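Engineer: build me a model:
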Amino acid sequence: MKPSKACVDFVKSFEGFKADAYLCPAGVWTVGYGTTENVESGDTVTEEQAESLLYNDLLEASDSINDLVDVDLTQAQYDALCSFVYNLGREAFRNSTLLRLLNRGDYSGAAKQFPRWNKAEGKVLAGLSRRRESEQRMFEGVT
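Structural biologist: A predicted model of the protein is given here:
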């Protein structure tokens with residue numbers, strides 16, 4: 001599977017576009033629609049470049065899901081996981097209870113794990129709470 005256009009739009013809506021590199025709440029240099037790899041202070045991107053970076057980053061998240069998930073997924077479940085992995089990274093996903101429950105076939109239990117991932121630097125962030133709730137609803141097929 002691959003991330004859908006709905007997934008790309010979903011991530012864009014939560015990340016927002018920033019042409020100039022900035023430090024995210026976790027203290028990581030970020031640019032565009034949340035790209036962090038090889039970003040340094042002073043970097044800038046156009047919106048077109050940011051969209052390309054986002055799609056490439058989502059494909060990396062997609063590869064992680066394809067490698068680590070052993071059960072069948074709907075497109076909505078897949079898209080929710082793409083957003084989640086894009087935001088948290090492969091290793092956090094690999095070591096998560098969400099993945100462990102999912103691979104046991106416990107879709108409901110896995111869905112309940114999304115809201116637990118709402119912190120940066122140990123602090124609950126309202127934006128992450130909203131994102132995780134939206135990812136959970138997407139995963140559960142609730143619009």
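
Engineer: got the buried residues for the helix or strand where residue 51 lies?
Structural biologist: Residue 51 is part of helix 47-68, with elements assigned from DSSP states H and E. Residues of helix 47-68 classed as buried by neighbour count (16 or more other C-beta atoms under 10 Å): 50-51, 53-54, 57-58, 61-62, 64-65, 68. From N, CA and C alone the C-beta is placed, and that goes for glycine too.

Engineer: repeat that for stretch 25-43.
Structural biologist: Taking 16+ other C-beta under 10 Å as the criterion, stretch 25-43 shows 29-36, 39, 43 as buried.

Engineer: redo those as JSON lines? Include pLDDT and secondary structure.
Structural biologist: Shown next, in JSON lines, are the buried residues of stretch 25-43 (pLDDT from 0 to 100; DSSP: H, G, I helix; E, B strand; the rest coil):
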{"residue": "29", "pLDDT": "96", "secondary structure": "strand"}
{"residue": "30", "pLDDT": "96", "secondary structure": "strand"}
{"residue": "31", "pLDDT": "97", "secondary structure": "strand"}
{"residue": "32", "pLDDT": "97", "secondary structure": "strand"}
{"residue": "33", "pLDDT": "96", "secondary structure": "coil"}
{"residue": "34", "pLDDT": "93", "secondary structure": "coil"}
{"residue": "35", "pLDDT": "95", "secondary structure": "strand"}
{"residue": "36", "pLDDT": "93", "secondary structure": "coil"}
{"residue": "39", "pLDDT": "96", "secondary structure": "coil"}
{"residue": "43", "pLDDT": "97", "secondary structure": "coil"}
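
Engineer: ok, residue 113 to residue 19 distance?
Structural biologist: Relative to residue 19, residue 113 is positioned 34 Å away (C-beta to C-beta, to the nearest Å).

Engineer: same drill for the two, tell me which one is more crowded.
Structural biologist: Per other C-beta atoms under 10 Å, whichever of residue 113 and residue 19 has more neighbours is residue 113, with 20 against 14.
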